[in-house]
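> I'd like to go over a predicted model; first the sequence, then the structure.
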Amino acid sequence: MQKKILIILLVASVNVLYGQNNTNTPYSLFGLGVENKTASAGLTGMGNTGIANSNPFEINLFNPASLGGVLQESFLYEFGLNGISTTLESKGTSERSTNGNISHIAIAFPIRKSWAFGIGILPYTKTGYNIDVEDAIEGSAETFFTRISGEGGLNKFYISSGFKVIKDLSLGVDVSFLFGSVDQQRQVFTGSYVSISDQNNYGGVKLKTGLQYKLPTFKTLQTTIGATVELPTTLSGTQTRTSFKTLSSGSSAIIENEEEYDLDNFDLPLSYGVGITTLIDKKITTSLDYRKVLWDGLNEQQKNETYVDQTIYAFGMEYLPSKNKFKYSSNIKYRFGLNYNTGFLKISNQKIDSYFVSAGLGLPLKRNSRDYVNISYSYGVEGTLEKNLIQENFHKITVNLNFIGNWFRQREID
């Protein structure tokens with residue numbers, strides 16, 4: 001039954017993810033949208049940490065080296081959902097919106113002992129905004145309005161592999177295929193009405209490498225260190241534009257009809273991260289991550305906005321009272337996390353940073369089971385009210401279902 005459910009989810013999710021849009025933030029106007037903050041298993045409840053997390057019963061989207069720990073004859077699959085309530089605030093006004101969608105699907109399976117593959121699909125960036133701009137008509141005291149709206153984003157389909165080089169050292173590689181469209185519509189209201197619709201399609205390939213190393217056990221401490229490097233890449237794009245004009249008399253005329261143009265390439269920067277995870281007395285797990293994204297070297301600049309180097313700090317903790325398979329409450333995992341992101345945008349010389357705090361539970365589906373329902377809640381803030389900018393306050397609920405199957409176990413014949 002679980003196999004049939006997974007196949008249905010795989011087929012349905014590809015279509016849903018391809019066209020999904022579950023964000024509403026004016027900051028997604030810049031670049032290719034805002035980065036999607038997706039974490040697998042219980043890592044969302046732990047502040048999106050995980051570079052050094054190595055659990056043979058969970059999929060880790062942050063470091064492909066974790067696949068080196070997948071057990072033989074096991075098959076991991078995971079499906080995620082999220083819902084977010086957002087309040088946008090500027091001086092004197094506020095706007096609230098609610099969105100929800102599929103966050104990711106992922107599977108992982110062993111090829112041989114200490115070597116496994118992973119496959120998955122998830123949003124890479126998200127775009128969603130509606131902005132009204134009032135401008136003066138040159139040589140006149142009158143003004144005109146322009147409404148700019150956008151939606152879409154890029155998706156990420158990845159294939160990853162991880163293996164143990166020696167007993168305590170694992171290496172991994174992740175090849176991601178990025179694809180999707182960022183669509184924008186501009187509606188200009190003067191004596192007439194002009195509508196310009198741009199469908200901007202982008203695609204490219206991104207490579208990530210990772211490692212994890214388990215340090216020697218010291219008393220009751222089991223520590224793992226991890227590192228990842230994402231190489232820079234270039235996305236190519238095309239734009240299809242459709243525009244028409246409607247006069248005050250009611251008649252309309254096509255200005256451009258689905259004309260296709262090549263867009264300037266969009267560069268994605270080099271990034272790297274390090275992390276450390278410590279298991280204390282087999283009950284408490286702490287995780288600390290540091291990531292750096294080198295946007296500044298790309299020299300991207302648009303009018304009053306610039307791209308700057310981005311730094312992400314994250315801390316997470318998980319508590320498991322005691323692994324007693326005969327008692328359900330002893331198998332519940334309690335999680336807490338903090339995350340601070342300096343952001344990659346500077347507008348009017350003001351950095352657009354963000355932070356969130358998270359808490360979560362890992363609920364086993366039954367007493368003696370490795371299958372879990374992971375639920376987390378996050379509250380966060382992005383942006384600022386300074387310099388007439390916009391601040392976003394959000395509440396986010398995430399539900400991840402991760403299952404462990406035995407699809408590769410050979411049946412015994414009497």
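Happy to help now that I have it. The structure presented is a predicted model; accordingly, all values stated were derived computationally and were not measured.

> count of neighbours near residue 263?
The number of residues packed near residue 263 is 14, by other CB atoms under 10 Å. From N, CA and C alone the C-beta is placed, and that goes for glycine too.

> so how far is residue 196 from the residue nearest to it when sequence neighbours are not counted?
Distances taken as CB to CB, 6 or more residues apart in numbering place residue 237 nearest to residue 263, at 3.7 Å, with adjacent residues excluded. To residue 196, residue 237 is 17 Å away according to CB to CB, to the nearest Å.

> about what we covered before: mind telling me what element the residue nearest to residue 263 is part of?
strand 233-246 (DSSP states H and E).

> tell me the strands beside that strand, with direction?
strand 193-214 (antiparallel), strand 252-268 (antiparallel) (DSSP bridges).

> any buried residues in it, and which?
233, 235, 237, 239, 240, 241, 242, 243 (16 or more other CB atoms under 10 Å).

> re earlier: could you dump the strands paired with strand 233-246 into CSV with distance to residue 328 and mean pLDDT added?
Shown next, in CSV, are the strands paired with strand 233-246 (distance: least, CB to CB, whole Å; pLDDT from 0 to 100):
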stretch, distance to residue 328, mean pLDDT
strand 193-214, 30, 91
strand 252-268, 45, 77
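
> residue 54 should be in a helix, yeah?
No. Secondary structure of residue 54 (DSSP: H, G, I helix; E, B strand; the rest coil): coil, not part of a helix.

> quick check: bridge partners of the closest residue to residue 117 other than its chain neighbours?
Closest residue to residue 117 apart from its sequence neighbours, by CB to CB, 6+ apart: residue 161 at 5.2 Å. Applying DSSP bridges to residue 161 gives these bridge partners: residue 117, residue 173.

> any idea how far residue 161 lies from residue 25?
Applying CB to CB to residue 161 and residue 25 gives a distance of 35 Å.

> returning to that earlier point: verify the stated contact: the residue nearest to residue 117 with residue 64.
Yes. The pair residue 161 / residue 64 is scored as a contact, 6.6 Å apart, by CB atoms under 8 Å.

> between the two, who's got more neighbours?
Comparing residue 161 with residue 64 by other CB under 10 Å, the one with more neighbours is residue 64, at 30 against 19.

> residue 212 is in contact with the more buried one, correct?
No. The pair residue 64 and residue 212 does not pass the contact test of CB under 8 Å, sitting 9.6 Å apart.

> mutual contacts of the two, please.
residue 172 (CB atoms under 8 Å, 6 or more residues apart in numbering).

> which neighbouring elements make contact with the helix or strand residue 288 falls within?
Residue 288 belongs to strand 284-293 when assigned by DSSP H and E. Secondary-structure packing of strand 284-293 (3 or more CB pairs under 8 Å, 6 or more residues apart in numbering; DSSP states H and E): strand 271-280, strand 310-319.

> just checking, what packs against the helix or strand hosting residue 374?
Secondary structure from DSSP H and E places residue 374 in strand 372-383. With contacts taken as 3+ CB pairs under 8 Å, 6+ apart, strand 372-383 sits against strand 333-341, strand 354-364, strand 391-405.

> how far does it sit from the chain's center?
Relative to its chain's centre, strand 372-383 lies at 13 Å (CA atoms, centre = their mean, to the nearest Å).

> stretch 334-349 too?
13 Å.

> what is the end-to-end distance of it?
40 Å (CA to CA, to the nearest Å).

> in that stretch, what counts as buried?
334-347.

> what is the nearest of those residues to residue 357?
residue 338 (5.6 Å; CB to CB).

> which residues are in contact with residue 48?
With the criterion set at CB under 8 Å, 6+ apart, residue 48 makes contact with 37, 39, 289, 314, 316, 337, 339, 358.

> and stretch 338-358, end to end?
End-to-end for stretch 338-358, by CA to CA: 6 Å.

> what's it in contact with?
Against stretch 338-358 from outside (CB under 8 Å, 6+ apart): 27, 30, 44-48, 293, 295, 304-316, 335-337, 376-384, 386-389, 394, 396.

> filter these down to the buried ones.
27, 30, 44-48, 293, 295, 305-308, 310, 312-316, 335-337, 376, 378, 380, 382-383, 389, 394, 396.

> how close does the nearest residue to residue 125 once chain neighbours are set aside sit to residue 61?
In space, and not counting its chain neighbours, residue 125 is closest to residue 33: 3.8 Å by CB to CB, 6+ apart. To residue 61, residue 33 is 19 Å away according to CB to CB.

> on that earlier part again, among the buried residues of strand 233-246, which has the minimum pLDDT value?
pLDDT across the buried residues of strand 233-246 is lowest for residue 243, at 77.

> any idea what that residue is bridged to?
The partner residues for residue 243, given DSSP bridges, come to residue 196, residue 256.
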